[in-house]
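In: here are the coordinates; sequence isn't available:
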């Protein structure tokens, strides 16, 4: 069946309109139940005997996921941050960049280590 001629594909216009929809945020209970169910199915398919499948936990996890879904915050129109977006350096990292360990005495290095620990624990 030749529905489209090859010359018609030389120039293609794509419209990517985005509309917000009812977004179901993943919750711990829902992810746990989905993982448990899929692992049990695959184990059965490959003949792996499970000591315990936690099948009794499934209904409880589904109920918790439904409750968590009802109380989840509504989707906002704020832009989504990139997964690998650079984060600003922490105070300890900035302090480390200023150090010259080759020019320190052991006592100075120990003092700096304690100061960095205090920065991190703040």
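Out: Nice, I can see it. As the structure is a prediction and not an experimental result, all values here were calculated from the model. Numbering: from 1, shown residues only.
In: show me which positions of the lengthiest helix in the chain end up buried.
Out: Criterion DSSP state H: the longest helix present in the chain is helix 28-45. By neighbour count on 16 or more other CB atoms under 10 Å, the buried set for helix 28-45 is 29-30, 32-33, 36-37, 40. (C-beta placed from N, C-alpha, C; glycine too.)
In: which stretches of this protein have low pLDDT?
Out: Within the chain, the stretches with pLDDT under 70 are 1, 18-27, 69, 71-88.
In: which stretches of it form strands?
Out: Secondary structure of the chain (DSSP state E): no strands present.
In: now the helices for it?
Out: 28-45, 57-70, 91-97, 106-121.
In: adding distance to residue 2, write the ones you listed out as CSV.
Out: What follows is the helices of the chain, written out as CSV (distance: least, CB to CB, whole Å):
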stretch, distance to residue 2
helix 28-45, 41
helix 57-70, 46
helix 91-97, 61
helix 106-121, 66
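In: which one of the ones you listed lies nearest to residue 17?
Out: helix 57-70 (26.5 Å; CB to CB).
In: what is that closest one packed up against?
Out: Judged by 3 or more CB pairs under 8 Å, 6 or more residues apart in numbering; DSSP states H and E, helix 57-70 is in contact with helix 28-45.
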